[in-house]
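Colleague: Predicted structure and sequence below. I'll ask about it afterward.
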Amino acid sequence: MSTIIRKATLEDVDAILRIFNHAIETSTANFHKEAKNNDYMWHWLASRLPHHPVLVAELDGDVMGWASLGVYDPRSAFNTTAEFSVYVDEAAQGKGLGLQLTLAAIEAGREAGLHTLIARVTADNDASIRLHEKAGFIQAGHMKEVGQKFDRWLDVCVMQFMLV
């Protein structure tokens with residue numbers, strides 16, 4: 001299998017949206033409750049700041065995962081902190097794409113001059129917690145019952161990676 005990690009383009013919106021909506025509709029990996037549309041995702045991707053890239057993973061020519069660095073908090077004291085997210089198509093999970101994307105996003109954060117990355121992971125998402133830890137993130141906190149989805153309360157682990 002041939003894997004390419006690259007910066008996302010607007011041509012990737014459909015694939016990013018497909019992967020994102022699957023996570024929204026079937027998992028607690030994302031706290032949105034309703035699927036998004038192309039306009040939403042196109043605007044999200046088009047409005048990215050230079051130091052908040054979106055990366056995609058192509059597996060044999062098809063986009064099968066993506067990762068993003070985004071605004072953690074709009075207050076200026078947080079300008080060098082980014083929120084990290086990673087999603088892998090269900091059909092490609094377990095093939096190492098999540099780790100490849102995570103490591104590429106860490107490098108992109110360094111290149112952008114960021115100081116730290118924060119990921120908020122549903123506490124019962126063992127696979128995602130293991131992925132983040134394998135990439136070097138540490139658990140920096142645990143928030144109790146901060147989200148509700150699929151008729152249940154969800155805890156969130158705060159994972160952190162120091163870039164410098």
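Modeller: Perfect, thanks for sending it. All values reported here derive from a predicted model rather than from experimental measurement.
Colleague: contacts, neighbours, all on C-alpha from now
Modeller: Noted.
Colleague: Could I get the CA-only coordinates of the helix or strand where residue 87 lies as CSV?
Modeller: Applying DSSP states H and E as the criterion places residue 87 in strand 81-88. Extracted as CSV, the C-alpha positions of strand 81-88 are listed here (Å, rounded to 0.1, in the frame of the first residue of the first chain):
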residue,chain,number,x,y,z
THR,A,81,-1.6,26.7,21.1
ALA,A,82,-3.6,24.6,18.5
GLU,A,83,-6.3,22.1,18.9
PHE,A,84,-5.4,18.8,17.2
SER,A,85,-7.9,16.5,15.5
VAL,A,86,-7.4,13.3,13.5
TYR,A,87,-9.9,11.1,11.7
VAL,A,88,-9.4,7.9,9.7
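Colleague: Might you report the residue contacts of the residue positioned nearest the centre of the chain?
Modeller: By CA atoms, centre = their mean, the chain has its centre lying nearest to residue 85, at 1.4 Å. Counting by CA atoms under 8 Å, 6 or more residues apart in numbering, residue 85 makes contact with 67, 68, 69, 119.
Colleague: tell me which residues in the strand holding residue 87 are buried?
Modeller: Buried residues in strand 81-88, counted by 16 or more other CA atoms under 10 Å: 81, 82, 83, 84, 85, 86, 87, 88.
Colleague: What's the mean pLDDT across it?
Modeller: Mean pLDDT, computed over strand 81-88, is 98.
Colleague: cool, and stretch 31-48?
Modeller: On average, stretch 31-48 scores 96.
Colleague: Buried ones in that stretch, by neighbour count?
Modeller: For stretch 31-48, by 16+ other CA under 10 Å, it's 32, 33, 41, 42, 45.
Colleague: In a markdown table: those, plus distance to residue 128 and secondary structure.
Modeller: Shown next, in a markdown table, are these (distance: CA to CA, whole Å; DSSP: H, G, I helix; E, B strand; the rest coil):
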| residue | distance to residue 128 | secondary structure |
| --- | --- | --- |
| 32 | 17 | coil |
| 33 | 19 | coil |
| 41 | 23 | helix |
| 42 | 26 | helix |
| 45 | 23 | helix |
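Colleague: any chance of these in TSV, plus distance to residue 103?
Modeller: As requested, the buried residues of stretch 31-48 are arranged in TSV below (distance: CA to CA, whole Å):
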residue	distance to residue 103
32	25
33	28
41	24
42	25
45	20
